[in-house]
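S.K.: return a 3D structure for these sequence lines:
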Amino acid sequence: MKAAVYYETGGPEVLRYEDVPDPTVAESEILISVEAVSIEGGDTLNRLGGEMSRVPHVVGYQCAGTVIDVGDQVTAFAVGDRAVTVGADGSHAELRAVPEQFAWSIPQGLSTEEAACVPVPFGTADDCLFEFGHLTSGETVLIHAGAGGVGIAAIQIAKRAGARVLATASSDAKLERLKELGLDEGINYVTHDFVAESRRLTDGKGLDLIIDSVGGVTLQGSINALAYRGRCVTVGDAGRTRAQLLDISGLRGNNQTLSGYFMGAELFLSPRPHELVARYLESIANGEYRVIIDKTFPLSDATGAHAYIESRQSFGRVLLIP
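M.R.: Below you'll find the model as predicted:
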């Protein structure tokens, strides 16, 4: 099969389009012919400096397509079914094998391309807002990187839950588009200090919940922007800066909480997130939430796709099409 691979970590230019061996199917796995790859933020970070399980390495969390083979112990899928899958790597390829517990059936009414964008962003957004963030109606939440996959999902979900929704983005144009999805107030982090703006927009109180997918120095600002009993969930390092030493001295006195989240761990340890993602696939198919696809690239131009994401031009998901 063809795949986008690299032999060493680095910028988008390390990606190569090459032939690699086809994956084999274990007893509890399904094999799909990949039709759409949603490039996740973690994919670009892993390519930049993450672990390589093998060389050449096929990066990628999430993709969707048609089942072409199943293991003897598989019960939920048959050849010909459409499925969306997640995994530690391997999405940037023409074929992918995953355990069936890391795959979901694609409901009627939902395109394969849209389904490819759902599990990680919507599962992460819901867990950060409710399971770990304990968001309730009437609270104010700030969602960093609002124009990204998790951000677009979280804005819609939080608004439906009755929250006041704030978000950061790199341009006023992106923030204006996010209002169609439920954004109440936007903060352009290029032109404004988001901590000061958050305080101003909440009359000095601060934020009840912050979903921080940026990390680095931004995470310290998020902690500083919390209200009394505020919660911050750190879920990524999209800012591509190394983790900072954090001043958490104010947390205890203000009864505030800082917690981390990684969806992969939840999927390994609990059936709950699998059921959660299945519900979102149905809800999106029914028109309750929207998936935004910004641009598609051929798999052969994974370099261009990764470079486009890192240019911060994208609004929503960027797909690779084998």
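
S.K.: okay, now the domains of this structure?
M.R.: 2-117+291-321, 120-264 (automatic domain parsing).

S.K.: tabulate these (CSV), appending mean neighbour count and distance to residue 284.
M.R.: For every residue, glycine as well, the C-beta is placed using N, CA and C. Below are those laid out as CSV (neighbours: other Cβ atoms under 10 Å; distance: least, Cβ to Cβ, whole Å):
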stretch, mean neighbour count, distance to residue 284
domain 2-117+291-321, 19, 6
domain 120-264, 20, 8
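
S.K.: wait, which of these is closest to residue 271?
M.R.: domain 2-117+291-321 (8.0 Å; Cβ to Cβ).

S.K.: quick one: terminal-to-terminal distance for that closest one?
M.R.: Taking Cα to Cα, to the nearest Å, domain 2-117+291-321 runs 12 Å from one end to the other.

S.K.: against the centre of the chain, work out the most remote residue.
M.R.: residue 253 (32.4 Å; Cα atoms, centre = their mean).

S.K.: give me the nearest residue to residue 251, chain neighbours excluded.
M.R.: residue 258 (6.4 Å; Cβ to Cβ, 6 or more residues apart in numbering).

S.K.: do the same with residue 182
M.R.: Nearest to residue 182 is residue 159, by Cβ to Cβ, 6+ apart, at 3.0 Å.

S.K.: which strands and helices lie in contact with the host helix or strand of that neighbour?
M.R.: Residue 159 belongs to helix 149-160 when assigned by DSSP states H and E. Packed against helix 149-160, as judged by 3 or more Cβ pairs under 8 Å, 6 or more residues apart in numbering; DSSP states H and E, are the following elements: helix 119-126, strand 140-143, strand 164-169, helix 172-178, strand 207-212.

S.K.: recalculate using a threshold of 7 Å.
M.R.: helix 119-126, strand 140-143, strand 164-169 (3 or more Cβ pairs under 7 Å, 6 or more residues apart in numbering; DSSP states H and E).

S.K.: tell me which residues are up against the shortest one.
M.R.: Among residues not part of strand 140-143, those counted as contacts by Cβ atoms under 7 Å, 6 or more residues apart in numbering are 135, 151, 154-155, 158, 163-167, 198, 202, 207-211, 225.
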